[in-house]
Structure formats: structure tokens, C-alpha cells
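Student: Sequence and predicted structure below; questions after.
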Amino acid sequence: MTDVPPTAPDRGPVHQVRDSYMAELQRRRLYGGLTLMIFALLMVSGFMVANDRNAGGFWSGISQVGDYPAEVLAEAWAMRADLPALLAEFFPALIETLNIAAVSTLIGAAAGLLLSLLSTRGLARWPRLIGLFRRIMDVMRAVPEIVVALMLIFVLGGGPVPAMIAIAIHTAGALGKLFSEVAENADLKPVEGLASTGATWAQRMWLGVLPQVAPNYLSYALLRFEINIRASAILGFVGAGGLGYELRNAMAWGPGRFDEAAAIFLLLFGAIVFFDQLSSRTRNRLTEGQRA
Amino acid sequence: MTTTTLETARQDADRLFARKRLTALALPVLVLAYFTYIVFAFDIPGLAKRADWDNAVTLASDSWSYKVHVTRDARSGEMDYAVEGERKGAYPEGARPAWVTGEETLSVALGPAHEVRLLPGNRTEVAVPGHPLIEIATEGREVTTNLTDTPPDWISASSRRVAITTEEGRITVTGTKTEIFNYFPGWELFFFTFESPYHGHSLGRILWGERIDPARANLVGALQDVWNNPMWRHKDVAWAIGETILMAFLGTFGAALVALPLAFLGAKRFAPLTSLRFAMRRIFDFVRGVDALIWTVVLSRAFGPGPLTGALAILVTDTGTFGKIFSEALENVEEKQIEGVSSTGAKPLQRYRFGVLPQVVPVLLSQILYFLESNTRSATIIGAITGGGIGLMLTQAIQTQKDWEEVAYYIVLIVLMVMAMDWLSGKLRGRLIKRSQ
């Protein structure tokens, strides 16, 4: 098809198309190559800067990565007889970590639900304030949990409550955004039907919107619960109770208490994997049930 | 016949409704029961006792105000004026705030009506409206006052120390020194400290006025002094924010680069061996399950505190997550495009490059960008643990428990940083989706 008779004296339209295509292709290749080069440059120079500002260098550290886990494991193995007792000892701390995650997910989801409905076009109670509620969610989402947790620890003292409030605030913002994306696709007919019967805003939302979006909301909330378990363990590390707090104490002791550290590692790992699997199974069922 | 079917149908419906009502009731009851348990498990009733509301008040007022310390040394009688009582915020030699007047007897005005007079011989007079003049004198370590035995609750007096707290400021007198805190709204010395020649000059004067510091051009010198401000440490803060973003950037993209080839091994269609695919999947699960916290702890032992450790912690954790997401995306690629490419005689590597990657790259990039934003937040938290970036500065400022204005400043910056990354990643994802359509 592209065969042009060699006798053709002028360059036909086919040639023009081909030339411009080749030029376009070259330009795209150039841009693509340049982007890749800039990216590679950023990665390499970023790595070098990070390496310079780190206390220990990358190349000296990489050989020592295994040392600490090996030490912990060796000591835990030597005292493996105590492990079941230690697991039982730290189980309450695990329960506290899970409780922090569960309560903050519940509170955060409830607040996120309200915020999402208030900031969705077509559903909002006060349509003029949609922008305001969206900004509120943005800020709640942007504040890292540790900021709120540390300030609350200063006022309320250590313990699970600061972590709970901190995670709940972030959860409300994060879930609110996801919820409102789902709610935007909700069918408005049931809402209008309810409105015609004189239902209040709360009734319209509860009976008209929620049944439509509940599976999706539940699935997002479960995913959040999974994330919140991790967050709650991390906040424990800065003094908010639960497993993270015990881990820091065990680590501060150093050698001699590594069996405790190993027990805590084990509990945390087990809990995360367990709830990960549980929530992904449930989420699959929820979304499949919706498709059927 | 019809009546019986109708009857059974009605019964079925009734039963269904009864069950629905029960579940509708059971759920709130369960949640309520759980919350009741939590109230006791978390000891919420004891919280009010443990809470320190004075701390809350300090936190709330200090974050938007500053205080100037006026100190008189009891032995030498020397006066000292400093913002927040810090050496970095000290007034230069011979200078003092405008609200301090007098020579022999110094008069310190607190607000419009309160006044503290520092008299020679280590005597102090405090005039508070609605209260008789308070006279305090120190002799060695002994502090004497003209107060009655039962002073109001805003005064605490003993033979060693007298402290007066009013809404306009605080006065503390001990045997060694007399200290007055005067509160003002705002963040003082945010741009220039007293050492800088540009302190006290307006922006217009700096931009268009005559040269203030003969050695430097106005704009250059002003920028240098803001950048090197010892009070607010703008240079360190900027570096810390850079470190945090760097951690997120290196961690996210590093994880993506490591995870992409591994994901091929974990995807059903591309894995050469089923057992290899299974092993790959378990590795991803393991790495994800160990969690950023434990990776951070382990890695900081090997690499020491700093941004590299944080970046590596994010990298390792996200390799698991990306490996899982990527291999799922790879299992959903269209076979036809790969066939088309292989029909031209492409080798396996070329098949991947031209048959598979163009299909998945937009999806994967959009995921990566989404994680970039959330990792900025993680990097702040990880930084607080490993000791790098703005997270470290924030925890340090909170732990000193006095620089709440700095804490407020860092929080504002962190929120802005996360929102900026959110905006950027959303923008890039939007462009990506538009291009792939």
C-alpha cells in the first residue's frame, strides 16, 4: 500500500503523511527519553542527597540489614520456651491496638458519612456550603495522625484516647472523600420519591441513599480498618499505648529483651496478615454481591 | 388454594420484615455495646482526671502569641530583654522595648493598665487594677511581700518565690532574679532577628529604599537574613520539608521500579513456574504484613537515623503493595496486543515492552502517583520515628513543650505540603487519564 511507483516525480500525499508521522514519532521519542532521563537524574541525585544526610551510609548499612533481625531471632530462638507466655502477656496490648483501630474506624466512618453527604452535589443539605465541607475534609485528610496524636498526648497524657481521636480525624477526611465519590453516582430517584412524601433530609439520606451505597461504603470502611491497624501500631510507638508502645519499651532495653520484641513482632505481623485476608475476602464478597 | 399461597406469602413477608427489623435494631445495639466496652477499656472516666487543662491553655495561647522576658539579675542588677527568653531573641546591647521606661526606677507596662516597677535595692512593685499595690522585696534568698496571709488565687507566695499571673502577663520574683513575661499576639522575629540590620524596616524600605547594610544589596541581604534566621530556622525547615518529600519520592518510585519486574513473576500469565508465582505472592504478602513500623525499626538499626532510612522503609513496604497491585493489573492485560506484537517476530523482551507495558503503564502510574501523596504523610510519621525530615523537627518541638508557635508553624507547613502533593498527584493523574483515553 505504501508502495509508491518509483517513477512518481513529486512527493505524494502518502509521503507527506509518512514524513509527518516519522517526525511526530521522533519528537515523542525525544520527549519520552528526556522525561526518563530527568526521572533517572532525580532518582540518582535524590538518592545521593538522602545518603549524604543520613547518619549511616547506604553501602555500609546494606550489609548490616540482617544483623538486627538475626540477633532478635537468635535470642528469641534460644528462649523459645518462653514465647507462648510472652505472646499471652502482650495479647492485651494487641487488643488495645485493634480497639483503637476499630473505634476510630467506626467514628471516622460515621463522621465521613455525614461529611460526604453534606458535600455531594444533589444530596447536600446546604448546597452553598459544599465547598466548605470539602475543604474541611481536605484539611482533615492532610493532617498526619502523628501531629494530632502528639498534641493530644501533651494535653490528655499517654494512652489510647489520643491515638483514637487522631486516627478518627484522618479517617473521617479520607473516607469522606471516597464516600462522596460513590454518592455522586447514586440514583436520585428514590431521594425524589421520598422528598415527595415529605421526608426530612435525614430520612431521605437514610432510606434513599444509604441502601444504594452501603456495600461500597462498607468495603471502603473495611479497607480503612486494615490501614488503621497499622496506623494505631505506629502511634503506639510515640506513646499512645498498645502494641507499638510495648515494642518501643522492649527495644529500648536492647539485648536481653529481644524475646519480647520478637513476640511483639509476631503478634503484630499475625494480626495484620489476619485482618488483611479477612477484609479482602469480605470486600470481594461485597463487591461481587453487588454485581450479581 | 390462592388464599393459602397468599397467606404463606404474607407470612414469609412478615418473617422477612421481622428479621430485617431485628438486624436493623441489632446493629446499633452491637455498636453501642462495643462503645460501652471501649469507654471502660480506654478508661474514659479517668481521662478528665489525667488531662492537664493548663497544658491545653498554654498550647492554645502560645501557638499564636509570643512573650518578651524582662529579667533583672538580683546580684548585679543587670537587665535583660529577650523574646521568648532565648539568647537568639535577645535585644541588642543598650536597646529595650518601648513599653519599658525610666532610668533609676524601671517601669514595665503590661497591657494598658497593669504596671510593674523595678526599684533599686531589688524591690518590686506590681500595680494591678482592683487590687492594692503589691510590694515585694528580696534580701539574699528571702522574699518578703506586703500581701496578707490569704492572697487571691492568681498569686502564689512563699518565702522563696512569689508568682503573679494576670491576663496581661506573669511576674516571678525569687532570690536570684525578677522575671516579667509580657504577652503579645503574633509570631515575633519571624523574618528578621534583632541581629539583622533589616529588623524593623518595612518591606518597601528594603525593596526600594537606600542600602541598609553597606556590604550587601538590600534584597540579597534581606533574603540571606530570613533564610538564616536563628529563631525560626527557615533554612532547616526548608531542608526538612525537602527531606520528607525526598523520602516519599525515592520510596514510592524506588518501590515501583523494584516491584515491576517482580510483578511479572507474580502474575498468572507471565510467571514461568506456578511455584515461583506462589512464592512471589507470599513474599509480597510478607513484606506488606511486616508493616512500615517494623521495617523502619529494623532499617534504622542498619542505616542510622536520616532520610535514607525513611526512604528505604517506604520502599520496602510499598514493594509488597505495588507487587500485589501490579501483578493483578498484569493479569488483566489484553492478549490480542501481545499476539499482534509477537506476529511481527518480536522477541520476549520486546513483547513485554510493546505489547504489555503500554497497556498497564497508565494504570500503574496513576496508582504510583496516588501512593506518592499518601507516602508524603507516611514520610512525616516515619521521619518522627527514624529521625529525619519535618516529622523529626515537629516531635522535637513538641517534646520541648515550650515552642508551641514553632509547632503551629510546622503543622501549617505539613498540611500545606500534603495538600500540595495531593494537588500535584491529582493533576498528573488527571493528565494521564486524559491522554490514555
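Tutor: Yep, that arrived.

Student: is chain B contacted by whichever strand or helix holds A:Ala110?
Tutor: For A:Ala110, the enclosing helix or strand under DSSP states H and E is helix A:83-118. Yes. Applying Cβ under 8 Å from any Cβ of the partner chain, one finds that helix A:83-118 is in contact with chain B at A:Glu96, A:Asn99, A:Ala102, A:Val103, A:Leu106. C-beta here means a position set from N, CA and C on the backbone, and glycine is covered the same way.

Student: What are the neighbouring residues in contact with the last one?
Tutor: When contacts are counted by Cβ atoms under 8 Å, 6 or more residues apart in numbering or on different chains, A:Leu106 is found next to B:Val31, B:Tyr34, B:Phe35.

Student: For residue 2, report the pLDDT, please.
Tutor: Here I'm looking at chain A. Each residue has a pLDDT score; the one for A:Thr2 is 51.

Student: That was the other one, I meant chain B.
Tutor: What the model reports for B:Thr2 is a pLDDT of 66.

Student: Check the one 3 residues further on too.
Tutor: pLDDT recorded at B:Thr5 is 82.

Student: And the chain, what are its domain boundaries?
Tutor: Using chain A. Here the domain assignment for chain A is A:1-53, A:69-291, based on automatic domain parsing.

Student: Not quite, go with chain B.
Tutor: Under automatic domain parsing, the residue ranges defining each domain of chain B are B:61-185, B:234-436.

Student: picking up where we left off before, in CSV: the contacts of A:Leu106, plus distance to chain A, neighbour count and secondary structure.
Tutor: Shown next, in CSV, are these (distance: Cβ to the nearest Cβ, whole Å; neighbours: other Cβ atoms under 10 Å in any protein chain shown; DSSP: H, G, I helix; E, B strand; the rest coil):
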residue, distance to chain A, neighbour count, secondary structure
B:Val31, 7, 12, helix
B:Tyr34, 8, 15, helix
B:Phe35, 7, 13, helix
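
Student: Just name the closest of these to A:Val143, please.
Tutor: The nearest member of these to A:Val143, counting by Cβ to Cβ, is B:Phe35 at 24.2 Å.

Student: Is the closest one in contact with A:Ala102, as I believe?
Tutor: No. The criterion here is Cβ atoms under 8 Å, and B:Phe35 misses it with A:Ala102 at 10.3 Å.

Student: Get me the contact residues on the stretch 201-350 of chain B for chain A.
Tutor: Counting by Cβ under 8 Å from any Cβ, the residues of the stretch 201-350 of chain B lying close to chain A are B:243, B:246-247, B:249-250, B:253-254, B:285, B:288-294, B:297-299, B:301-309, B:311.

Student: If any of those residues are buried, put those into a PyMOL selection.
Tutor: Applying 16 or more other Cβ atoms under 10 Å in any protein chain shown to these, the buried members can be selected in PyMOL as follows:
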select buried, chain B and resi 243+246+247+249+250+253+254+285+288+289+290+291+292+293+294+297+298+299+301+302+303+304+305+306+307+308+309+311
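
Student: Mark which of the residues of the stretch 201-350 of chain B next to chain A are part of helices, please.
Tutor: Secondary structure of these is defined by DSSP state H; positions in helices are B:243, B:246-247, B:249-250, B:253-254, B:285, B:288-294, B:297-299, B:301-303, B:307-309, B:311.

Student: Am I right that B:Glu93 sits in a strand?
Tutor: No. Secondary structure assignment (DSSP: H, G, I helix; E, B strand; the rest coil) places B:Glu93 in coil, not in a strand.

Student: Figure out the helix or strand that A:Met43 lives in.
Tutor: Following DSSP H and E, the helix or strand that holds A:Met43 is helix A:13-53.

Student: Distance from the chain centre to that helix, please.
Tutor: In terms of Cα atoms, centre = their mean, to the nearest Å, the centre of helix A:13-53 is set 32 Å apart from its chain centre.

Student: Could you give the average pLDDT over the helix or strand just after it?
Tutor: Using DSSP H and E, the helix or strand that follows helix A:13-53 in sequence is helix A:58-62. When the per-residue pLDDT values of helix A:58-62 are averaged, the result is 83.

Student: Which other helices and strands does helix A:58-62 contact?
Tutor: Using 3 or more Cβ pairs under 8 Å, 6 or more residues apart in numbering or on different chains; DSSP states H and E as the contact definition, the elements that helix A:58-62 packs against are helix B:274-303.

Student: now do 10 Å
Tutor: In terms of contact count using 3 or more Cβ pairs under 10 Å, 6 or more residues apart in numbering or on different chains; DSSP states H and E, helix A:58-62 is assigned the packing partners helix A:13-53, helix B:274-303, helix B:307-331.

Student: Okay, buried residues for the last one please.
Tutor: Under the neighbour-count criterion of 16+ other Cβ under 10 Å, helix B:307-331 has B:307-327, B:329-330 buried.

Student: before we move on, the earlier item: out of the domains of chain A, indicate the one that is most buried.
Tutor: Each of the domains of chain A was assessed for mean neighbour count using mean count of other Cβ atoms under 10 Å in any protein chain shown. The highest is domain A:69-291, with a mean of 19.

Student: Now do the helices in the stretch 151-292 of chain A.
Tutor: A:160-184, A:189-196, A:201-203, A:210-235, A:243-253, A:258-291 (DSSP state H, counting those that start in this stretch).

Student: Report whether the last one contacts chain B.
Tutor: Yes. Judged by Cβ under 10 Å from any Cβ of the partner chain, helix A:258-291 and chain B are in contact via A:261, A:264-265, A:268-274, A:276-277, A:280.

Student: Now do the same contact list for the nearest residue to A:Ala271 once chain neighbours are set aside.
Tutor: Computed as Cβ to Cβ, 6 or more residues apart in numbering or on different chains, the closest residue to A:Ala271 that is not its neighbour in sequence is A:Leu94, at 5.9 Å. Contacts for A:Leu94 were tallied using Cβ atoms under 10 Å, 6 or more residues apart in numbering or on different chains; they are A:Leu87, A:Ile229, A:Ala233, A:Gly242, A:Leu243, A:Glu246, A:Ile264, A:Leu267, A:Leu268, A:Gly270, A:Ala271.

Student: Quickly note the distance from the third one to chain B.
Tutor: I take that to be A:Ala233. Using Cβ to the nearest Cβ, to the nearest Å, A:Ala233 is found at 5 Å from chain B.

Student: For that residue, list the residues it contacts.
Tutor: Applying Cβ under 10 Å, 6+ apart, we find A:Ala233 in contact with A:93-94, A:97-98, A:100-101, A:163, A:240, A:242-245, A:247, A:264, A:267-268, A:271-272, B:291-294.

Student: same question, the first one
Tutor: Taking Cβ under 10 Å, 6+ apart as the criterion, A:Leu87 is in contact with A:Leu94, A:Ala262, A:Ala263, A:Ile264, A:Leu266, A:Leu267, A:Gly270.

Student: Check the gap between the first one and A:Leu86 for me.
Tutor: Here A:Leu94 is placed at a distance of 12 Å from A:Leu86 (Cβ to Cβ, to the nearest Å).

Student: any residues in contact with both of the two?
Tutor: Common neighbours of A:Leu94 and A:Leu86 are listed as A:Ile264, A:Leu267 (criterion: Cβ under 10 Å, 6+ apart).

Student: So B:Tyr66 lies in a strand, does it not?
Tutor: Yes. Assignment of B:Tyr66 by three-state DSSP places it within a strand.

Student: That one is in contact with B:Glu188, isn't it?
Tutor: Yes. Taking Cβ atoms under 10 Å as the contact criterion, B:Tyr66 and B:Glu188 are neighbours in contact, 4.4 Å apart.

Student: which neighbours do these two share?
Tutor: Residues within reach of B:Tyr66 and of B:Glu188 at once, by Cβ under 10 Å, 6+ apart, are B:Val83, B:Glu84, B:Gly89, B:Met231, B:Glu405.
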